[in-house]
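# Compute the structure for the input listed below.
(4 chains)
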Number of protein chains: 2
Amino acid sequence: MGITKTQIFDKKQNELAQLFKILGHPARIAILQYISTQNSCICNDLVEEIGLAQATISQHLKELKSIRLLKGEIEGKSMCYCIDIDRWNALQQQLNSFFNTTKHNCC
Amino acid sequence: MGITKTQIFDKKQNELAQLFKILGHPARIAILQYISTQNSCICNDLVEEIGLAQATISQHLKELKSIRLLKGEIEGKSMCYCIDIDRWNALQQQLNSFFNTTKHNCC
DNA sequence: TTTATATATCGCAATATTACGATAATAAAA
DNA sequence: TTTTATTATCGTAATATTGCGATATATAAA
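Residues are numbered from 1 along each chain as shown, chains lettered A, B, ... in the order given. Just a heads-up that it's a prediction; the model follows:
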């Protein structure tokens, strides 16, 4: 076993879980926090700042890109990774919607 | 490797990531959603409702308990698992705080 | 063109997660 | 006490994630 049974859950549940999952790593939290404080943001800075190997950082960036939280533009010989504010806000709303519609209780 | 290097991140980053991580599974999302619609909530209902084995559901409940999102009380020969509303609201605030303090950007 | 710099991808090893059957533990019911 | 019902835990197999060195790719600089 070991494989998550995504087929028994609906699309929204799987999507929401995927968003939470990608935010569920301290390196990715740290990356988002660091990028948000910078005026220019390139992967190489992150390697020194976070303390993980370049290949590892690149992989985490890829995952953050996969949920469109980061967008990257080529800038000379480096990359400019930025938070997509529209997506960021939409995601915050999506998570709040989950919290607001799921709080009623029995005891 | 494979081990997350928690020691290079600060306590808040690790805690936040842990919260996101535990919410990052569709079964746990489904469990929270189902419990929130019920008047009484026992594990056995969940097994039928979600469609995973009893041992698996029990394990997911344990993880949700580990971040205090669920509290369980013994009720006769079954358990009453409930969402801890105070913790639920606090967690929502914590996530919003992360979103609100991390949205500024460069491009 | 050659060299230097920056990022992405590949392949692998180590660890973590997911799922479940079997079984233990607990309490109500017979 | 024995049986039944409900939940937790153990052990294990399968898959996923994490991390990194090596290498590929791409662009700027020399």
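
# For the nearest residue to A:Ser78 once chain neighbours are set aside, the count of nearby residues, please.
Leaving aside its sequence neighbours, A:Ser78 sits nearest to A:Ile42 (Cβ to Cβ, 6 or more residues apart in numbering or on different chains; 4.3 Å). Every residue, glycine included, has its C-beta placed from N, CA and C. Using other Cβ atoms under 10 Å in any protein chain shown, A:Ile42 has 17 neighbouring residues.

# Does anything pack onto the lowest-mean-pLDDT helix or strand in chain A? Which helices or strands?
Scoring the helices and strands of chain A by mean pLDDT, DSSP states H and E places strand A:70-75 at the bottom, with a mean of 88. In terms of contacts (3 or more Cβ pairs under 8 Å, 6 or more residues apart in numbering or on different chains; DSSP states H and E), strand A:70-75 is packed against helix A:54-66, strand A:78-83.

# Phi, psi for A:Cys41 please.
Main-chain dihedrals, A:Cys41, degrees, to the nearest 10: phi -140, psi 110.

# number of nearby residues for it?
24.

# Report the contact partners of it.
Residues near A:Cys41 by Cβ atoms under 8 Å, 6 or more residues apart in numbering or on different chains: A:34-35, A:80-82, B:106.

# Pick the one among the residues you listed closest to DNA strand D.
A:Cys80 (12.6 Å; Cβ to the nearest atom of the strand).

# wait, that closest one sits on A:Gly72?
Yes - contact criterion Cβ atoms under 8 Å: A:Cys80 and A:Gly72 qualify, at 6.7 Å.

# A:Arg68: helix or strand, and which one exactly?
Under the assignment given by DSSP states H and E, A:Arg68 is not contained in any helix or strand.

# Can you report how many residues neighbour it?
Using other Cβ under 10 Å, A:Arg68 is surrounded by 13 other residues.

# and what of the one 3 residues further on?
Look at A:Lys71: counted by other Cβ under 10 Å, it has 15 neighbours.

# One more: A:Ser78?
Residues near A:Ser78, counting by other Cβ under 10 Å, number 13.

# related to what we said a few turns ago, and the residue nearest to A:Ser78, how close does it get to DNA strand C?
3 Å (Cβ to the nearest atom of the strand, to the nearest Å).

# Please name the nearest non-neighbouring residue to A:Leu23.
A:Leu23's closest residue in space is B:Phe20 (Cβ to Cβ, 6+ apart), at 4.0 Å.

# From what I see, that neighbour and A:Phe20 are in contact.
Yes - with contact defined as Cβ under 8 Å, B:Phe20 counts as touching A:Phe20 (5.0 Å).

# All set now, cheers.
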